[in-house]
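any chance you could fold what I've pasted below:
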Amino acid sequence: MANNYSQVAAVTTLVCTEEEATIIKELLAKSEEEGDTYHGFTTEFSRGELYLFAEESGTPEELPEEALEFIGKLITKNNLPYLEFGYAFTCSKMRPGEFGGGQFRIYPSGVIVWPGIVWPESALWKAMFPDVGGE
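Numbers count the residues shown, from 1 in each chain. Modelled structure (predicted):
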């Protein structure tokens, strides 16, 4: 049997108070305790900095709206345009299609935005780079 993981980590920390760190930790824990969804995210707080991550089974789409809104307030407080995360899909066995990764961002509004991928075969690529291959 293989074990799959989706590890997620913020690219940077957020400066916040201990009270704010406690609030976001409670918002994240509350949603999972209520059984609404499983997002897998937790926090670490040290020396006035908050670190957001999911160690094994991160599902950003399942983050509760209330937590996303509070993260958005911390992003604004830190004068950041967004908080970027990296993620990795891994597996305990080498199997086709079990590995990958990428980035997403949470914006001050609390909205999660995933980047688009433009492959060389696409019409958009051909319009942007008419002199570059992809055929």
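
contacts and neighbour counts: CA atoms only from here.
Noted.

now for Lys93: which residues touch it?
Going by Cα atoms under 8 Å, 6 or more residues apart in numbering, Lys93 touches 2-3.

neighbouring contacts of the strand or helix carrying Lys73?
Under DSSP states H and E, the secondary-structure element containing Lys73 is helix 65-77. If you take Cα under 8 Å, 6+ apart as the criterion, helix 65-77 is touched by 14-16, 24, 27-28, 81-83, 106-111.

if you set the cut-off to 6 Å instead, what comes out?
Contact with helix 65-77 is made by 27, 108-110, as judged by Cα atoms under 6 Å, 6 or more residues apart in numbering.

orientation of the longest helix belonging to the chain relative to helix 65-77 in degrees?
Counting residues, the longest helix found in the chain (DSSP state H) is helix 18-33. With axes from the mean of the first three to the mean of the last three Cα atoms, to 10 degrees defining the directions, helix 18-33 sits at 160 degrees from helix 65-77.

now helix 18-33: average pLDDT?
The average pLDDT for helix 18-33 rounds to 90.

and it, what's buried?
20-21, 24-25, 27-29, 31-32 (16 or more other Cα atoms under 10 Å).

likewise stretch 54-67?
So stretch 54-67, judged by 16+ other Cα under 10 Å, has buried residues 54, 56-60, 63-64, 67.
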